[in-house]
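Q: pasting the structure only:
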């Protein structure tokens, strides 16, 4: 049986620099050499990695939308306090992707909106109660699915997709990409892209390498270009069971941060369920006064 290395520390090489890979799932900590955040550039043209820069307010100062979910009752059902309302999606997207050329690599979005973005990886846990939870609360998430982990039940993710949540590429079978030759890396991206497109009716726009490994290497960037996704997405925080691991020294969320979570259940969460873990994540976000926005609302696909 194929194993995917949940809960193990793994080591890889990233551009010749030793990379301490994450301790949890696909990775609780991003590569150590990324002490300075990578901000998504206003355009995807140029070098593969997004250039550092000051977070700028989005051009659209629209009034906030209604609070997510079915009101206080829906949040009370899950023993949670409602999140603040997210702003309307910016008309001028902070990230503008191009149809060809190197793909950008980013772990947050440059915005002045007090929002964060939740991404959930792999698809190992398929808890019906989580579908119920997101149906009630309407919290937007972006799903990065691994083909061989979800292929036994592609249908589980379709109700989540029907809520407006997008499905993206997280390889065929979850390897540390930098340990694989170029042809294997290409197949990991392309075969997953094909399967997810066929199953969900839309080609994934974004790619995330397992553990964040190889994200900045030319070999992986080329494979992603050849297979269809137009950006590589990392993260600034990762949800564990009760709290997040932060890359920032002050251990606080920042506007535009991308948060990593996983489809996990009691076996990997020390007895807690997927909904309990996700509720803890929402509580940590609510405590810091952030709203959750949809990542794709801040990204302009290629024209």
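A: Received the coordinates, thanks. Just so it is clear, the structure is predicted and the values come from calculations on it, not from any experiment. Numbers count the residues shown, from 1 in each chain.
Q: what residue ranges in the chain score low on pLDDT?
A: Segments of the chain classed as low confidence (criterion: pLDDT under 70) are 1-70.
Q: Now do the strands in it.
A: Using DSSP state E, the strands of the chain run over 11-14, 17-20, 95-96, 105-106, 115-122, 142-145, 166-169, 206-207, 231-233, 237-239, 244-246, 258-262, 291-292, 299-300.
Q: what's the angle from the fifth one to strand 258-262?
A: Our comparison of strand 115-122 with strand 258-262, counting by axes from the mean of the first three to the mean of the last three C-alpha atoms, to 10 degrees, yields an angle of 30 degrees.
Q: related to what we said a few turns ago, export the strands of the chain as a markdown table, with columns for mean neighbour count and distance to residue 269.
A: All C-beta atoms are positioned from the backbone trio N, CA, C, and that covers glycine. As requested, those are exported to a markdown table (neighbours: other C-beta atoms under 10 Å; distance: least, C-beta to C-beta, whole Å):
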| stretch | mean neighbour count | distance to residue 269 |
| --- | --- | --- |
| strand 11-14 | 17 | 24 |
| strand 17-20 | 16 | 23 |
| strand 95-96 | 21 | 32 |
| strand 105-106 | 27 | 28 |
| strand 115-122 | 25 | 14 |
| strand 142-145 | 25 | 18 |
| strand 166-169 | 26 | 23 |
| strand 206-207 | 26 | 25 |
| strand 231-233 | 26 | 23 |
| strand 237-239 | 27 | 10 |
| strand 244-246 | 19 | 14 |
| strand 258-262 | 25 | 9 |
| strand 291-292 | 22 | 21 |
| strand 299-300 | 20 | 30 |
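Q: For residue 281, which of those is the nearest?
A: Residue 281 sits nearest to strand 237-239 of all these, at 4.6 Å, using C-beta to C-beta.
Q: can you give me the helices for the stretch 51-200 of the chain?
A: Ranges of helices in the stretch 51-200 of the chain, per DSSP state H, counting those that start in this stretch, are 72-77, 128-137, 147-150, 158-162, 182-200.
Q: Return the most buried member of these.
A: Neighbour counts averaged per stretch over the helices of the stretch 51-200 of the chain are highest for helix 147-150, at a mean of 21; criterion: mean count of other C-beta atoms under 10 Å.
Q: what sits up against that one?
A: For helix 147-150, contacts defined as C-beta atoms under 8 Å, 6 or more residues apart in numbering pick out 2, 4, 122-124, 156-157, 171-174, 191-192, 195-196.
Q: thinking again about what came up before, just send the helices of the stretch 51-200 of the chain back as a markdown table, with distance to residue 96 too.
A: Converted to a markdown table, the helices of the stretch 51-200 of the chain look like this (distance: least, C-beta to C-beta, whole Å):
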| stretch | distance to residue 96 |
| --- | --- |
| helix 72-77 | 35 |
| helix 128-137 | 28 |
| helix 147-150 | 29 |
| helix 158-162 | 24 |
| helix 182-200 | 21 |
